[in-house]
Structure formats: structure tokens, C-alpha cells
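[1] Curious how this folds, go ahead:
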Amino acid sequence: MPKAGRKLMLVVGALVLLSVPAGAEAARRQSVTREPPQTNNSDQGGGVLLANRPGGFYMGRLTVGERVDRHSTYTSKSNNSQYHYGYAIGDVGQCLWLGPSRTTDGFAGYLSSSYSNVSNRCSSSQRNWLQGNSGGNIGSHFNCPANSRATFGTRTEMKERAGLYYNLAWNGTNPTGGSARDLKAYLEPGTEVWYRYTTRDRQKSVVFVNGVGWGFVVASKVPHASGRWSRPGGPEMSCWQSG
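    Predicted structure coming up:
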């Protein structure tokens, strides 16, 4: 075959090889345009929550204007809200689910209509790991078993002064923890909090604070309360009671 013909075949072949993965692996980079209403003690910190599964355990938040490389979308039949699985850009830097608390009804259309196609950084295996073991893969200790009916924390009080951070820069594909980011407040000893879980590396715990919302504190500075759960102003229940 003439040299020119061989070059043409190689170029055409390269175009074919490049075009297939681009369509199959692309994610959509979009911006958060609005946040859910802060009701039902769902959260009071602004932004849209990041979790291990739709409406699951708190793992951070994206504020209006921050971006996500969206891989897929799920609409919950229980609250009719939308949840997006993808790579949270910025301090978090992890593949997680973006969406409102499970007590928030009908929250959808909160990502920009404009987007750019980018390489997909999230896999189905990562998604399955986050949701696996009823969500229990992400933590070393929970206030109630991960497969229980509890949807909030256990009331307790801070043992020592600690900063509350809205995000972690999560490490690894199957994260064990991460460096604290986005300091929101300092919690003094005796501050009322609702403890939810502790990261796999046992370094950070997730708590809810009235007027502040969900966030991360140093694990050793809060009691790892368990066995019962409640919402602020609500009755205390066993882990196997719905509320």
C-alpha cells in the first residue's frame, strides 16, 4: 500500500478509536444554581448535601456556583426529589451523591441547564461501594446500625472545644477519611449536638448543630452516643423506630 494510503488509514482509525470512548465515558459538568429549603431539621448550613447514597449519610456539601461532573441522575419515589451521582469538584474532590435531605420533597432542577462534556471520573463500582453494607462501608461507628430506621443523630454534648467543618477532602477511591475543609464555627464544651457517625479512619465525626447544620469535628472531642436517635425538638426513639 502506498505510504499516503497507510497514513490515511491510520488517521481514520485513530478518529474512530477516539470517538467511541468520548461518547461512552463522558460526564456533564454543571453548576449548582439553588439550594433546598432549610426545613424539618434537614440542614441549616446552605448548599446542597453530598452523601454516600440518595438522602444518605452526610459527606459534605456544594454551595451555589460550585460544580459537579454529573454521571447519572435518580428521582426518588418517596420524596420526588432528584439526586445526582458524580464527581464533586473543589475541596471535596470525590465521587458522591448530590441532593437534598430525604425529608425534603420535590427538590429538582437545581443544576445549570448549560454544561460541558468532560471525562467521567466516577465508576459503578465506586457507587456500589458507597451504598454497600447499607451505607456502613463509609464509617467505623454509627449512632444506630447503618441498616436501621434511624435518619438522624443521637443527642449529646461536646466534650472539648472543636471546630466544625462543612467538608472533608476525602481520600482514595473508597475513602477512609480526609482533611477538614470549610470551617464554619467553633463548638464549646457542652454544646448540644446530634452525633451520627465516625469516619473509617476514626479521625472525624459527623454531627448536627442547631442553627449551623451538619458538619465534621475531631472524633475524640464528641461522645460517640448510640442506641437511640431523635431530631431537635422531637421525641427520642429506638434505632428501629421510624420518625
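
[2] use CA for all of it now, contacts and neighbours both
    OK.

[3] contacting residues around the residue nearest to Y85 when sequence neighbours are not counted?
    Distances taken as Cα to Cα, 6 or more residues apart in numbering place W97 nearest to Y85, at 4.4 Å, with adjacent residues excluded. For W97, the residues meeting the contact criterion (Cα atoms under 8 Å, 6 or more residues apart in numbering) are 50-54, 83-86.

[4] Give me the residue ranges of this structure where confidence is low.
    1-25, 39-41 (pLDDT under 70).

[5] Between the contacts of W97, which sits nearest R202?
    Proximity of the contacts of W97 to R202 was ranked by Cα to Cα; the top entry is N52 with 17.4 Å.

[6] Just confirm the residue nearest to Y85 is within a strand.
    Yes. When DSSP: H, G, I helix; E, B strand; the rest coil is applied, W97 is found to be in a strand.

[7] so it bridges to which residues?
    Taking DSSP bridges, one obtains A51, Y85 as the residues bridged to W97.

[8] how far away is it from H84?
    5 Å (Cα to Cα, to the nearest Å).

[9] still on that earlier bit, most neighbours out of the contacts of W97, which is it?
    Neighbour counts for these (other Cα atoms under 10 Å) peak at L50, which has 29 neighbours.

[10] How about the contacts made by that one?
    With contact taken as Cα under 8 Å, 6+ apart, L50 is in contact with 58-62, 96-99.

[11] closest to L164 among those residues?
    Out of those, the member with the shortest distance to L164 (by Cα to Cα) is G60, at 11.8 Å.

[12] on that earlier part again, out of the contacts of L50, which is nearest to T154?
    Comparing the contacts of L50 against T154 with Cα to Cα picks out Y58 as the nearest, at 14.5 Å.

[13] Can you tell me what sits against stretch 192-212?
    Contacts of stretch 192-212 from elsewhere in the structure, counted by Cα under 8 Å, 6+ apart, are 43-45, 58, 137-144, 152-158, 175-177, 184-185, 214-220, 222-225, 232.

[14] And for stretch 100-109, what's in contact with it?
    Applying Cα under 8 Å, 6+ apart, the set of residues contacting stretch 100-109 from outside is 36-37, 39-40, 42-43, 48-49, 54-56, 79-83.
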